[in-house]
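Engineer: quick one, what's the 3D model for this:
(chains A and B)
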Amino acid sequence: MNTSNDKLIEIRLDEAPLRLGAGTTLAGLITQLGREPTAVATARNGEFVPREARHHTVLRQGDQVLLFKPIVGG
Amino acid sequence: MAHHDLLSIAGVPLGSRLLLGTAGYASPALLGEAIRASGSQLLTLGLKRSVQGGDNGFVELALQAARAQGARLLPNTAGCHTAREAIQLACMARELYGTAWIKLEVIGDAHTLQPDPFELLEAARSLVKLGFTVLPYCTEDLVLCRRLLDAGCAVLMPWGAPIGSGQGLINLPGLRTLRERLPDATLIIDAGLGAPSQAAQALELGFDAVLLNSAVAQARDPVAMAGAFADAVRAGRAAYRAGLMAPQDFARASTPVSGHPYLLGDAR
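Structural biologist: Reported below is the predicted structural model:
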């Protein structure tokens, strides 16, 4: 992660604050989290972001990112 | 079940009229066995908002069991309260599960888990336009159901009773009316069933299938109960096709004794 304050942004990941290097994409975030890209679905600011769009979705200061995964259900 | 009497959803034939939920089982192995015993060809799953934590293998077991018996997956939009939320979640489900079939749930009341008809209809219209095969969890309201069909929903899934209540078909007149007024629609009772007899009743009334979860998952022996529901659904469908007798207000003797009793030993 970048340690220079002027190159950091703060997002909220699953409602918890997270600092990232400026310019980090959604795909980059998934990699940083060590998640398998096909194992999660993503949303930014309440909007679904398709898998193929993650690599050009640059995260901005204050973005709210949510990850979803499969679970059992009725 | 006879091959000419298969349930069909969006042109896809399914060899079972029992749709099974995958939640609430004591172990993944038990879930897998229950799926097998049910013979279900359509299994519901969900999505969870979470970064951390696993699921102890439940989803993988469900997917394995589905593959083993050729069952399709039906992800849901559980937990959504607005059309907007449901649409976003449906898109994520399509990506994660690789199917455009969606059980559309938009809840309007947290206590009864009653669907919100207005948000449900809005979401259904949008999702159909986005290419989804929409299976909406709805009430038995006839006008709402007509609107959902007009929106392009593949089937309708009216509740029998509130989710997880196990009360069975609590509005029989309403459900009968729905079946009578929408004779060409595929109708699936979703939610509220607690006993195989209630599932049989739904099929006897002419409903095309049932979807249940808690009744199996919460049974003392979920695997045996899954089999019991499969039997009940088959029996209910067979009875519907055979044609139930018309109920009557008065007794009618079933033994043809010509109406004259034999009066033996009557000296008078």
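Engineer: contacts and neighbour counts: CA atoms only from here.
Structural biologist: Fine.
Engineer: quick one: low-confidence ranges for chain A?
Structural biologist: Scanning chain A for pLDDT under 70 picks out the ranges A:1-6.
Engineer: can you list the residues of it near chain B?
Structural biologist: Proximity of chain A to chain B, by Cα under 8 Å from any Cα of the partner chain, involves residues A:14, A:38-42, A:46-48, A:50-51, A:66-74.
Engineer: buried subset of those residues?
Structural biologist: Among the residues of chain A next to chain B, those classed as buried by 16 or more other Cα atoms under 10 Å in any protein chain shown are A:14, A:40-42, A:47-48, A:51, A:66-74.
Engineer: residues in contact with the longest strand along chain A: which ones?
Structural biologist: Secondary structure of chain A per DSSP state E: the longest strand is strand A:64-72. Residues from elsewhere that reach strand A:64-72 (Cα atoms under 8 Å, 6 or more residues apart in numbering or on different chains): A:11-15, A:39-46, B:21-23, B:44-51, B:55, B:58-59, B:62, B:92, B:96-97.
Engineer: follow-up on the earlier one: mind picking the two most distant members of the buried ones among the residues of chain A next to chain B?
Structural biologist: The span of these, defined through Cα to Cα, is set by A:51 and A:74 at 25.8 Å.
Engineer: what residues are up against residue B:149?
Structural biologist: The contact partners of residue B:149, taken as Cα under 8 Å, 6+ apart, are B:155, B:156.
Engineer: check which residues of the helix or strand encompassing it are buried.
Structural biologist: Counting by DSSP states H and E, the element that carries residue B:149 is helix B:142-150. For helix B:142-150, a neighbour-count test (16+ other Cα under 10 Å) marks B:142, B:144, B:145, B:146, B:148, B:149 as buried.
Engineer: average pLDDT for that helix?
Structural biologist: Across helix B:142-150, pLDDT averages out at 98.
Engineer: tell me what the next helix or strand after it is packed against?
Structural biologist: For helix B:142-150, the following helix or strand on the C-terminal side (DSSP H and E) is strand B:157-158. Strand B:157-158 is packed against strand B:133-138, strand B:188-190, with contacts defined by 3 or more Cα pairs under 8 Å, 6 or more residues apart in numbering or on different chains; DSSP states H and E.
Engineer: next secondary structure after strand B:157-158?
Structural biologist: For strand B:157-158, the following helix or strand on the C-terminal side (DSSP H and E) is helix B:172-181.
Engineer: show me how far that next one is from its chain's centre.
Structural biologist: Relative to the centre of its chain, helix B:172-181 is centred 16 Å away, using Cα atoms, centre = their mean, to the nearest Å.
Engineer: which strands or helices does it pack on?
Structural biologist: helix B:142-150.
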